[in-house]
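Visitor: got a sequence here, can you build the structure:
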Amino acid sequence: MMTEDKAEELKYIREILEKEKSVLELQIKSAVDLAQKADLMGKINLIKFSQELLRRCFEYNLIPRNIWRKVPMPDHQYSEYRLMQDFETEDRKSWEEVPNFRLHGGEVIIG
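Guide: Residues are numbered from 1 along each chain as shown. Sure, this is the predicted structure:
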């Protein structure tokens, strides 16, 4: 759950992005060139994407110093990675797969 301080930070940053988006929307209305309008729309879409990404970062407490690891591509096309709980033993017969947790090559794990 997001703390009140974090919610205020998120609100502040979103207000900045909303102001920039409003400026771009006004520029679209006054633009006559179709290419310029398309460029401005692309910038608005980037802001919308950034707002959603920012919201998720605050929601899940993702910060730059978190450990980010990209899952390597498997050797076989249809392979996937599975998460195992090892119960503090090297005996693989005792390990259990964590249900409904499979990763594919290229996905990112954040810890």
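Visitor: alpha carbons only for contacts and neighbour counts from here, please
Guide: Fine.
Visitor: and the helices in the protein?
Guide: Taking DSSP state H, the helices of the chain run over residues 4-30, 34-59.
Visitor: quick one, what contacts the residue nearest the centre of the chain?
Guide: Centroid-nearest residue in the chain: L53, 5.0 Å away (criterion: CA atoms, centre = their mean). The contact partners of L53, by CA atoms under 8 Å, 6 or more residues apart in numbering, come to none.
Visitor: can you start the count at 50 instead of 1 from here on
Guide: I'll keep to 50 as the first residue from here, and by that count the last item is L102.
Visitor: got the buried residues for the biggest strand by length in the chain?
Guide: Counting residues, the longest strand found in the chain (DSSP state E) is strand 145-152. When burial is assessed from 16 or more other CA atoms under 10 Å, strand 145-152 yields the following buried residues: L152.
Visitor: from the chain's centroid, how far away is it?
Guide: Distance of strand 145-152 from its chain centroid, counting by CA atoms, centre = their mean, to the nearest Å, is 21 Å.
Visitor: neighbouring contacts of that strand?
Guide: The contact list for strand 145-152, computed with CA under 8 Å, 6+ apart, reads 120, 129-135.
Visitor: which ones among those map onto strands?
Guide: Using DSSP E, the contacts of strand 145-152 in strands are 130-134.
Visitor: dump those residues to TSV, plus neighbour count.
Guide: As requested, the ones in strands among the contacts of strand 145-152 are exported to TSV (neighbours: other CA atoms under 10 Å):
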residue	neighbour count
Y130	14
R131	13
L132	13
M133	13
Q134	12
